[in-house]
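Engineer: Any chance you can model this:
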Amino acid sequence: MKLPSRPRRAVSIGAVAALACTLLSTALARPAIADPVTANQAWRIAQQYTGVWTSPPTVLSGGGTVDAPLLGNGDIGVAIGGSIANQTMYVGKNDFFSGSSHAIRPLGRVVVTAAGMTGSSYNVVQDIARAEVRGTYTLGGQTLTTTSWVDANWGLLVTSFTLSGGGAQSIGVTLQNGSGGTPAVTTTGNDLDADVVADTGTGGDPRARIAARTIGQSQSISGNKITVTVQPGTTATLVAGIVSSIDSASWQSGADALVAGLTQQDVDNHRAAHRSWWQGYWSQSYVEIPDKAVEKSWYGSLYLLACVSRAGKYAPGLWGNWITGAMNWNGDYHTNYNYQAPFYAALSTNRIAQMAAYDQPVLDWQSAGQALAARNGFTGVLYPVGISPKGTSADMNLHNQKSNAANLASDMVMRFEYTRDTAYATTVYPWLKQVGLFWQNYLTWDAANNRYVITNDAPHEDQSYPQTNSGMSLGLVHLLFQGLIDMSTALNQDAATRATWQNIIAHLSALPTMTLNGQTILRETEVGSDFINDGNDIDAQAIYPGSLIGLNSDATLQQTARNTIAALTNAWHGGNAPATFYAAAARVGYNPGTILANLHTEATSQSYANMAIHHNGGGIENINVTTSGLDEMLLQSFQGDIKVFPAWPANTNAKFGDLLAYGNFLISSSRTANAVQYIRVVSQSGGSLTVTNPWPGSVEVYRNGTGTGTVSGSRITIATSAGDTLHLAPAGTPLATIQTQLTQPLQSGATGTFSSGFESSDTPLTWTDTVDTSGGGRSGVTGICCGLTGPESGTRTGETTHTGSGSLMFSGSGQGGSAVYAYLKLYDLSGSPLAIGTSKTLSYWIYPQSNATSTWVPAGSTNSTCVAIDLIFTDGSSLRDSGAVDQAGNRLHPAYQCGHLTLDAWNHVTVNLAASNAGKQISRILVGYDRPNSTGGYRDYLDDLTIS
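Structural biologist: Take a look at the predicted model:
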């Protein structure tokens, strides 16, 4: 479990028909939703979050996490790099593992060249709600827009090209193999077919076909290139079918069948179904908190989870399906936490269907695991660190670790504990018994101390003997045997063996401890490794995923655990720790303000624009950083009772809907002004519900809409039947009140308004003449005149005003080039962010000057109309890139205001902020100029700015 190791998962796919194989399985039903409330709240929030690029990504090689816009459907992944003049779509696929090296390989590339747009501006948005990437590229008076998506239901990559202004543009589409070379190509009808291979294409190396064509405009094919001419005011659509030999023996004809005969109406139908799938995916649960950066990371992580994992397809490796070249650690399934971690994110977030791919590569390795155990003198199964699909391995090294199989078991056990799904238990129980068999015979009985001991098992890779009683392994082994007991009981099997498992749990060695700086902390081993603060969280993994310590544990043990979290200072942002460390900290009640502050850093400083958290060595394991970290702060259920807001900061509101709790209960709750408003419980499987009472007195209980009276006590236990919906609230709370609270957005403590007429009595500017380097920056803009070195923004008195005697003056001069913009800071609201809620409106008056009123503006220039107020939100996003429009329907982006304002007159601009940014909070107010390729001065006055 040290930096040089990272795991992944793979799922084998049974033989299927040539075309049907490309349809992604959606057979696993999404968890039931009690009513549309969660669906509506989740969709409202998910739509707020996008990734935005104003220049092409730069981290596309190196074998790790890329910083590019990302697409995926759980099988095929696409990372988009480069300008539109030479843009590469890197295509990866979870099943493209080499049969010789057992390393995952890139499948191919689709290269788009719009040479006539060389030097254009670059604005690309990753829309996670709809799983689309949209590009806007402007050069002179011409704009080319693109929309790309990987079909949620089929093996299709789609990109549309729409041109406005100017003359026709020729667009080339070239198909390449995974390394950027020329593949074997053929032409089938209107399709250009490229056949690609992993490695040499011999033996078990998979093959795939990319079948591409365009729709809507005339195309020609020469060699491995399609050329399509797009006229202004028209759209051309590129469709590429992608099928591998793992999908079907008829992979070539299968790819052709996906695109042959497609019309634009067919594509539109595909897109509608694609969007419907994603809206359904978002509907399963939601969280809403004041820290919008962390909130965005939660939704962004779930976007990445659905992009990389899907039922019926191979599981993703270390880096998901965004494979751009040779990947670090072969991109395999690292079994000492990395492969497991991203799937934990599917549990409490109620995305169980995304776990479906996890088990198969683990189960496929069983016979090899039994053979490896036998060769080393053991029974049961023994797993190395680096497995790959279909019972193969990219790294057979044990690294002196015996815990890998127990680590792999953690996802299976937790999935059962969350869902109580006996059909699922039946599929994994036989394998789990093999893992149990290993530990039954590997544990050493210490008669003197009446306990079982784990010997010679290294918590970090390659630590030498003795390494006794690794705390991490003690937690995982305990979790394994508890899962075996619970599954055997539910399945009514192995009652006799159950007593053996119960005896092991009862006598397993206690977690080792030590003293550090005068405090008792958890030690990594009883004998061997003690405490290593190296960016791992070995000491804390008995807490999570091991589940040995929580808020119901002995008070002394809880404090020891909190001391351990405090001592692991490098784990918050270390290479290996974050995927499990935040959940562990929350489970033991560590300072929630500290947890949330560090999650904020993960969501900002440690995240790319595509919302992928990245650390040295860490790939898609980081999908679990914010998801489980935040969920365990909001809801805990692993110790036999359900606790809402168990580790949440005081004076901080929050709410969530349909998070999943142990026992297959969907939980919704809200906390306002330090008080829990309600708890809604949907019992999906029936059974006994136990809830820690968050209120000081009696609790009103409604079952399926009917009041059943009150209950009291520190814990409340209620019998439920499958399908029951319970509403709990303080005694006397009407059901109608709870239902209203459920439908409301988060009630922010930072409500209020902002206004300034730029008078001496108004709030003074926080900044004057200051470029916002992190919120937009400056390019190609200098001072308008008189030796000024940069653009201006400052108050003026006695000049041009709308009301009163004061106004804001904003000026600069464009110097030409594809990127000409300047975003200057006006007001800092970060100390008390202004909440938009559901009804805020931005209003301001703007007076753009022409040469008639300012000689510093060139004659005939409309530069001054390319100006707008901009807002930076607490999640780092901006108003200009949110899609918000003014009262006339024009985007409130300076570049889109061009020509829509009247020169030398006061223009009133209003924007319904909640339409595109409901629930966000405003951190800074800016003013921006943006006009690609512009030259000469611009000068504006602004007045009577309000947000109310």
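Engineer: Give me the helices and strands touching whichever strand in the chain runs longest, please.
Structural biologist: Secondary structure of the chain per DSSP state E: the longest strand is strand 935-947. Secondary-structure packing of strand 935-947 (3 or more CB pairs under 8 Å, 6 or more residues apart in numbering; DSSP states H and E): strand 754-756, strand 806-815, strand 841-848, strand 867-873, strand 921-930. In this view, the C-beta of every residue, glycine as well, is placed from N, C-alpha and C.
Engineer: these two touch, right, residue 836 and residue 914?
Structural biologist: Yes: between residue 836 and residue 914 a contact is recorded at 5.7 Å, counting by CB atoms under 8 Å.
Engineer: Looking at the two, which one has more neighbours?
Structural biologist: Using other CB atoms under 10 Å as the criterion, residue 836 and residue 914 rank with residue 836 on top: 28 against 18.
Engineer: which SS state does residue 254 fall under?
Structural biologist: helix (DSSP: H, G, I helix; E, B strand; the rest coil).
Engineer: ok, it - how many residues close by?
Structural biologist: By other CB under 10 Å, the residues close to residue 254 number 26.
Engineer: hang on, residue 623 packs against residue 345?
Structural biologist: Yes: if you go by CB under 8 Å, residue 623 and residue 345 touch, sitting 4.9 Å apart.
Engineer: Give me the common contacts of those two.
Structural biologist: Common contacts of residue 623 and residue 345 (CB atoms under 8 Å, 6 or more residues apart in numbering): 301, 302, 305.
Engineer: any chance of these in a markdown table, with neighbour count and pLDDT too?
Structural biologist: A markdown table is the format used below for the shared contacts of residue 623 and residue 345 (neighbours: other CB atoms under 10 Å; pLDDT from 0 to 100):
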| residue | neighbour count | pLDDT |
| --- | --- | --- |
| 301 | 28 | 98 |
| 302 | 27 | 98 |
| 305 | 26 | 98 |
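Engineer: who's the closest residue to residue 782 other than its chain neighbours bridged to?
Structural biologist: Nearest residue to residue 782, sequence neighbours excluded (CB to CB, 6 or more residues apart in numbering): residue 813, at 5.3 Å. Beta bridges link residue 813 to residue 782, residue 937, judged by DSSP bridges.
Engineer: Now for residue 813: which residues touch it?
Structural biologist: Residue 813 touches 781, 782, 783, 784, 785, 856, 935, 936, 937, 938, counting by CB under 8 Å, 6+ apart.
Engineer: Next: residue 278.
Structural biologist: Counted by CB under 8 Å, 6+ apart, residue 278 has contacts 129, 130, 131, 152, 306.
Engineer: The fourth one: what secondary structure?
Structural biologist: Translated: residue 152. Going by three-state DSSP: residue 152 is coil.
Engineer: how close does it sit to residue 315?
Structural biologist: 18 Å (CB to CB, to the nearest Å).
Engineer: Paired strands for the lowest-mean-pLDDT helix or strand in the chain, with orientation please.
Structural biologist: The least trusted helix or strand in the chain, going by mean pLDDT, DSSP states H and E, turns out to be strand 834-835, with a mean of 86. Using DSSP bridges, the strands paired with strand 834-835 are strand 921-930 (antiparallel).
Engineer: Now do the strand it pairs with, average pLDDT.
Structural biologist: What strand 921-930 shows for mean pLDDT is 95.
Engineer: how far off strand 867-873 does that strand point, in degrees?
Structural biologist: 150 degrees (axes from the mean of the first three to the mean of the last three CA atoms, to 10 degrees).
Engineer: Residue 891 - how many residues pack around it?
Structural biologist: Residue 891 has 19 nearby residues by other CB under 10 Å.
Engineer: okay but it is in contact with residue 883, surely?
Structural biologist: Yes: with contacts counted by CB under 8 Å, residue 891 reaches residue 883, the gap being 6.9 Å.
Engineer: Flag the shaky bits of the chain, pLDDT-wise.
Structural biologist: The model of the chain has pLDDT under 70 over residues 1-34, 617, 748-752.
Engineer: The residue minimising distance to the centre of it: what secondary structure?
Structural biologist: Central residue of the chain (CA atoms, centre = their mean): residue 301, 1.4 Å from the mean position. Following three-state DSSP, residue 301 is assigned to helix.
Engineer: Next one: it from residue 351, what distance?
Structural biologist: Residue 301 is 11 Å from residue 351, by CB to CB.
Engineer: returning to that earlier point: adding distance to residue 587, write the helices and strands packed on strand 935-947 out as JSON lines.
Structural biologist: Converted to JSON lines, the helices and strands packed on strand 935-947 look like this (distance: least, CB to CB, whole Å):
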{"stretch": "strand 754-756", "distance to residue 587": "40"}
{"stretch": "strand 806-815", "distance to residue 587": "50"}
{"stretch": "strand 841-848", "distance to residue 587": "42"}
{"stretch": "strand 867-873", "distance to residue 587": "31"}
{"stretch": "strand 921-930", "distance to residue 587": "28"}
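Engineer: Looking at the ones you listed, spot the one closest to residue 637.
Structural biologist: strand 921-930 (29.9 Å; CB to CB).
Engineer: buried sites along the closest one?
Structural biologist: For strand 921-930, burial by neighbour count (16 or more other CB atoms under 10 Å) applies to 921, 922, 923, 924, 925, 926, 927, 928, 929, 930.
Engineer: Then stretch 455-465?
Structural biologist: 455, 456, 457, 458, 459, 460, 461, 463.
Engineer: I'd like the residues you listed laid out as JSON lines, including secondary structure and distance to residue 256.
Structural biologist: Shown next, in JSON lines, are the buried residues of stretch 455-465 (DSSP: H, G, I helix; E, B strand; the rest coil; distance: CB to CB, whole Å):
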{"residue": "455", "secondary structure": "coil", "distance to residue 256": "58"}
{"residue": "456", "secondary structure": "coil", "distance to residue 256": "56"}
{"residue": "457", "secondary structure": "coil", "distance to residue 256": "52"}
{"residue": "458", "secondary structure": "coil", "distance to residue 256": "51"}
{"residue": "459", "secondary structure": "coil", "distance to residue 256": "52"}
{"residue": "460", "secondary structure": "coil", "distance to residue 256": "50"}
{"residue": "461", "secondary structure": "coil", "distance to residue 256": "46"}
{"residue": "463", "secondary structure": "coil", "distance to residue 256": "53"}
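Engineer: What segments of the stretch 101-250 of the chain are strands?
Structural biologist: 108-113, 123-127, 132-139, 142-150, 156-164, 169-177, 184-188, 191-197, 207-215, 219-222, 225-230, 235-244 (DSSP state E, counting those that start in this stretch).
Engineer: and the end-to-end length of stretch 505-517?
Structural biologist: 32 Å (CA to CA, to the nearest Å).
Engineer: Give me the contact list for it.
Structural biologist: 443, 446, 450-454, 469, 471, 474-475, 477-478, 481-482, 485, 520-526, 530-531, 542, 548-549, 557, 560, 563, 567.
Engineer: Try it again at 6 Å.
Structural biologist: Stretch 505-517 is contacted from outside by 451-453, 469, 471, 474, 478, 481, 520, 522-523, 526, 530-531, 542, 567, using CB atoms under 6 Å, 6 or more residues apart in numbering.
Engineer: So which of those sit within helices?
Structural biologist: Those of the contacts of stretch 505-517 mapping onto helices are 471, 474, 478, 481, 567, per DSSP state H.
Engineer: The residues you listed: which two are farthest apart?
Structural biologist: 481 and 567 (28.8 Å).
Engineer: Just want to know which of the two has more residues nearby.
Structural biologist: residue 481 (27 against 18).
Engineer: Give the closest residue to the more buried one in space, chain neighbours not counted.
Structural biologist: Closest to residue 481 by CB to CB, 6+ apart is residue 501, at 4.5 Å.
Engineer: Number of residues surrounding the one you found?
Structural biologist: 21.
Engineer: List the residues that contact it.
Structural biologist: 481, 484, 485.
Engineer: Now do the phi/psi pair for it.
Structural biologist: Dihedral pair for residue 501: phi -60, psi -40, per degrees, to the nearest 10.
Engineer: And it, how far from residue 359?
Structural biologist: Applying CB to CB to residue 501 and residue 359 gives a distance of 21 Å.
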